[in-house]
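J.: quick one, what's the 3D model for this:
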Amino acid sequence: MRTLNADPTAPVAPVAPAALADTRIALLFDDGSCLLGNGMRAVRAVTCLVEPQIGDRVLASAAADGLCHVLHILARSDSETAYLSVPGAAGVALRQSHIALHAGESLHLGSAGEASLSAAGGTLSLNGRNLFVTVADSIVEQASHYVGKVGQYLLDVRALLRLHGNDALITAARDIKVDAERISMG
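T.: Presented below is the predicted three-dimensional model:
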């Protein structure tokens, strides 16, 4: 076994085995630690991604140096939501060739700050029965080609509506009506 900056020729001191305990979470503290049913105070191991709740049955490890870690949540009574996080990490990144999220009823993605969704080398598809977009300030769209097909298109602009192109074509199967206080052409 090698460690960083260790002398590879130095003898390795034996490590005392950790004691494992099957116990319950009795109390959660604000610093992320918890009090176990066996009286020990423990912190979550980095690999224990599910945040513990009071009453959870857990597997805990107590080392010879006195450190105690919750390694795994073995069982939980009914709970509406399980929260995933990595103790001590500021962020979480999933790296895999393919990632799928499936929700039987509802999927919510939110951010108090910025959010980005991109498909730099492929197609980004949004499919749904309805699409609602609410923007407080600006929408900026840029495309080489823009094609839209709709049954009805209603646009209500409070100040200025400007359409500009090198060429413009407006066609209608029946009527075109232009209604204004003043109409200027040419």
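J.: and the pLDDT for L4?
T.: What the model reports as pLDDT for L4 is 61.
J.: how close does A64 get to S33?
T.: From A64 across to S33, the span is 19 Å (C-beta to C-beta, to the nearest Å). (Glycine included, C-beta is placed from N, CA and C.)
J.: of the two, who's got more company?
T.: Neighbours were counted for A64 and for S33 using other C-beta atoms under 10 Å; S33 has more, 16 against 10.
J.: out of everything not next to it in sequence, what's closest to the more buried one?
T.: Ranked by C-beta to C-beta, 6 or more residues apart in numbering and with sequence neighbours excluded, the top spatial neighbour of S33 is V43, at 4.9 Å.
J.: partner residues bridging that neighbour?
T.: On the basis of DSSP bridges, V43 is bridged to H69.
J.: ok, A60 next?
T.: Counting by DSSP bridges, the residues bridging with A60 are A21, V70.
J.: ok so, going back, my guess is the residue nearest to S33 contacts G66, does it?
T.: No: V43 is beyond contact range of G66, at 12.0 Å (criterion: C-beta atoms under 8 Å).
J.: of these two, which one has the most company?
T.: A count of neighbours by other C-beta under 10 Å puts V43 above the other of V43 and G66, at 17 against 8.
J.: pLDDT at the more buried one, what is it?
T.: Reported pLDDT for V43: 96.
J.: M1 now?
T.: If you check M1, the pLDDT there is 49.
J.: report the central residue of this structure.
T.: Centroid-nearest residue in the chain: L109, 5.9 Å away (criterion: C-alpha atoms, centre = their mean).
J.: please report how far that one lies from L163.
T.: Distance from L109 to L163, counting by C-beta to C-beta: 34 Å.
J.: same check on P17?
T.: P17 sits 76 Å away from L163, taking C-beta to C-beta as the criterion.
J.: between those two, which one's more packed in?
T.: Each of P17 and L163 has its neighbours counted (other C-beta under 10 Å); P17 has more, 9 against 6.
J.: can you map out the strands along this structure?
T.: Taking DSSP state E to define them, one finds strands in the chain at 19-28, 34-36, 41-44, 57-62, 68-75.
J.: which secondary structure elements does the first one contact?
T.: In this structure, strand 19-28 makes packing contacts with strand 34-36, strand 57-62, strand 68-75, judged by 3 or more C-beta pairs under 8 Å, 6 or more residues apart in numbering; DSSP states H and E.
J.: right, so of those, which gets closest to T123?
T.: Proximity to T123 (C-beta to C-beta) singles out strand 68-75 among these, at 38.8 Å.
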